[in-house]
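Visitor: Build the 3D model from these lines:
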Amino acid sequence: MKIETWLTPNAAGESERSPASVAIVIDVLRATTVATTALSAGAKSITTCGTVEEAFSMKSEASSDNVPLLCGERGCQPIVGFDFGNSPGEYSPAGVGERELILTTTNGTAAILAAEQCEHMWLACFANLSAVIDRLVRWHTANIDTANKDNDSAFARIVCAGTNGCVTAEDVLLAGAIIAMCHQRLADSPRFYDGPIDLLNDSGAIALSAWQHCITHDGVNSSETLAERLTLTQGGKNLIAANYANDLVDCGSIDVFDLVPTRDQRSPARFVAG
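Guide: Modelled structure (predicted):
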């Protein structure tokens, strides 16, 4: 399995952004966790956009019998005039069940736009980690036939949203967890570099090392210890300062959901339960 990793959405220049077969976008705190939670709560779809103005415009253009809910944040805080913010705990079946959502956030939806050149796009968080691994392994198995071995676009790209253009540990840790778990599923040897994962850049190795260090030295072995670890990241500190410390529990919960938000429309990007 070939994996390329971007530690931020601007990690690669325009000339280096070759189309990937699969892009896996990560914004642990909090956009991809919110998207996974909302679809698990029964939302019909989530359409993402880059600006608040776009979100209001998309709502105004919707038919009167199918008005979408506006969701998201700026600077960690809810947006005036929106129906929901960016806390996973807000997204219940009673609130979003059978509704279409429009989502715009500071970092996550920008990462989705930056990664749009791909055949398939999925959203990942710790809450759907195993579901993402299952999907990725199935994709890999379907693409190891002879016809695709020399296909340069047959690789997966992991895209970390970061915070305001900077690398954030929570996204890097999840990228490393995805790489490590794919190796565990596919390898005969515990030694990572014996294969079958082919890391296409050093960012993947950095993410893998960060996750392995998190397990072996930081003692992260459960949702509770992961949530504690997230309090030490810059993204976690930002949420605590904004009075959203409780969100770290939801965002640190591992394997709560078994679905993967899957893009079914490129522009604007729309995601459904997959």
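
Visitor: State the distance from residue 188 to residue 194.
Guide: 8 Å (Cβ to Cβ, to the nearest Å). Placement of C-beta: from N, CA and C, glycine included.

Visitor: tell me the contacts of residue 234?
Guide: 163, 166, 168-169 (Cβ atoms under 8 Å, 6 or more residues apart in numbering).

Visitor: Repeat that for residue 124.
Guide: Contacts of residue 124 by Cβ under 8 Å, 6+ apart are 24-26, 32, 132, 158, 174, 178, 260.

Visitor: Name the nearest of the residues you listed relative to residue 111.
Guide: residue 25 (5.2 Å; Cβ to Cβ).

Visitor: which helices and strands does the top helix by length along the chain pack with?
Guide: Ranked by residue count and defined by DSSP state H, the top helix of the chain is helix 169-186. Judged by 3 or more Cβ pairs under 8 Å, 6 or more residues apart in numbering; DSSP states H and E, helix 169-186 is in contact with strand 2-6, strand 20-26, helix 129-142, strand 156-160, helix 202-216, helix 234-241.

Visitor: any weak-confidence spans in the stretch 101-250 of the chain?
Guide: The stretch 101-250 of the chain contains residues with pLDDT under 70 at 145-153.

Visitor: give me that answer again for 50
Guide: 146 (pLDDT under 50).

Visitor: Check which residues of the helix or strand where residue 54 lies are buried.
Guide: Assigned by DSSP states H and E, residue 54 falls within helix 52-61. Buried residues in helix 52-61, counted by 16 or more other Cβ atoms under 10 Å: 52, 54-56, 58-59.

Visitor: next one: stretch 6-22
Guide: Buried-residue list, stretch 6-22, by 16+ other Cβ under 10 Å: 6-9, 11-12, 17, 20-22.

Visitor: I'd like those as CSV, with pLDDT and distance to residue 126 appended.
Guide: Converted to CSV, those look like this (pLDDT from 0 to 100; distance: Cβ to Cβ, whole Å):
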residue, pLDDT, distance to residue 126
6, 97, 19
7, 97, 17
8, 97, 19
9, 94, 20
11, 82, 21
12, 72, 25
17, 77, 27
20, 93, 22
21, 95, 24
22, 97, 19
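
Visitor: Having no further points to raise, I will conclude here.
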